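Student: let me see the structure of the following:
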Amino acid sequence: MPQLSASERRVAEAVLADPRVVRESTITELAGMSASAASTVARFCQRLGFDGYRQFRAAVIAALGYDDARLGEFDLGEGEIDAGDAPEEIAAKIAFQEVRAIQATMAALDLDATARAAAALGGARRIVLYGAGSSSLTAQDLCQKLARIGRPAVAETDVHLALSRAALLDADSVLVGVSSRGETRETLDVLRAARRAPTGSPRRRPACAPGASGWPTARRPPPCSPSRRCSGPCGSIRTPM
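Tutor: Next up, the predicted model:
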């Protein structure tokens, strides 16, 4: 939540801690719970793309109702795994969370950007993938899936090796950077190194895959595939993880 002010961050933390408070609270009540003003709550809602608290509250209520329905399908009272859960409860909760993550990804996916990224990967002679920390697992998984369809790639987990590969990209190469929030310094550095490669060409372009929050304005990587939420010279394939 780096783009939010301190008071707006308190509102976000209150909502994330228990989204049901939005369903049960007026704007004034939510402001009181988050030690902020009603005007701050309104700005927070507008920053998320809503006209105001009423529209934001309706969206949260709809999302909660959808989750409640999915919990019913899996015969669950709630979706968080507890230490005392039986194996069958744990399995059902994992299945519920997986389905919810896939549906969230579909809702956020920019299909035009995805098609452009797929075309770039399909025409690339060399594909380099990089992700730091847990994002490296996503990069390695994509590497394995590309190999299965005849598109060999290399997934680097060491930033120094990734920077070396990025600096040597040619006109027929594509670099994919994976970041859950789009703020990982190492991933941004690798993408910038790819853009600065001396053998630059319109065909050699990094592709980025940040999460739902998009790339922060002040730290955007080089131009890539545009997304719904990323304006300006950069874009992204948004992949909630």
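Student: for the rest of this, base every contact and every neighbour count on C-alpha atoms.
Tutor: OK.
Student: by mean pLDDT, flag the weakest helix or strand of the protein.
Tutor: strand 207-209 (a mean of 56; mean pLDDT, DSSP states H and E).
Student: how about the strands in this structure?
Tutor: Using DSSP state E, the strands of the chain run over residues 126-131, 154-156, 173-178, 207-209.
Student: what's the nearest residue to V154 if we skip its chain neighbours?
Tutor: Excluding the flanking residues, the one nearest V154 by Cα to Cα, 6 or more residues apart in numbering is V128, at 5.2 Å.
Student: let me know whether the one you found touches V174 as I believe.
Tutor: Yes - at 6.3 Å, V128 counts as touching V174 under the criterion of Cα atoms under 8 Å.
Student: who has more neighbours, those two?
Tutor: V174 (27 against 22; other Cα atoms under 10 Å).
Student: measure that one to G131 for me?
Tutor: 14 Å (Cα to Cα, to the nearest Å).
Student: what does R54 give?
Tutor: For R54 relative to G131 (Cα to Cα), the value is 38 Å.
Student: quick one: which of these two has more around it?
Tutor: Applying other Cα under 10 Å to R54 and G131 shows that G131 carries more neighbours, namely 27 against 15.
Student: now that one, nearest residue through space, not along the chain?
Tutor: Nearest to G131 is V178, by Cα to Cα, 6+ apart, at 4.8 Å.
Student: with S7 instead?
Tutor: S36 (6.0 Å).
Student: with A166 instead?
Tutor: A194 (4.5 Å).
Student: about what we covered before: the residue nearest to V154: what's it in contact with?
Tutor: Contacts for V128 (Cα atoms under 8 Å, 6 or more residues apart in numbering) come out as 153-156, 165-166, 173-176.
Student: one more pass at 7 Å, please.
Tutor: With contact taken as Cα atoms under 7 Å, 6 or more residues apart in numbering, V128 is in contact with 153-155, 174-176.
Student: E156 now?
Tutor: 129-130, 162.
Student: for PyMOL, what selects the buried ones among those residues?
Tutor: Of the contacts of E156, the buried ones can be selected in PyMOL as follows, counting by 16 or more other Cα atoms under 10 Å:
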select buried, resi 129+130+162
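Student: quick one on the thing from earlier: report how many residues lie close to the residue nearest to G131.
Tutor: Neighbours around V178, by other Cα under 10 Å: 28.
Student: so it touches G133, yeah?
Tutor: No - the pair V178 and G133 does not pass the contact test of Cα atoms under 7 Å, sitting 10.1 Å apart.
Student: and the pLDDT at H160?
Tutor: pLDDT for H160: 95.
Student: look up how far V190 lies from it.
Tutor: 9 Å.
Student: helices of the protein, start to end?
Tutor: Using DSSP state H, the helices of the chain run over residues 6-17, 20-24, 27-33, 38-47, 53-73, 87-108, 111-122, 135-148, 159-167, 185-195.
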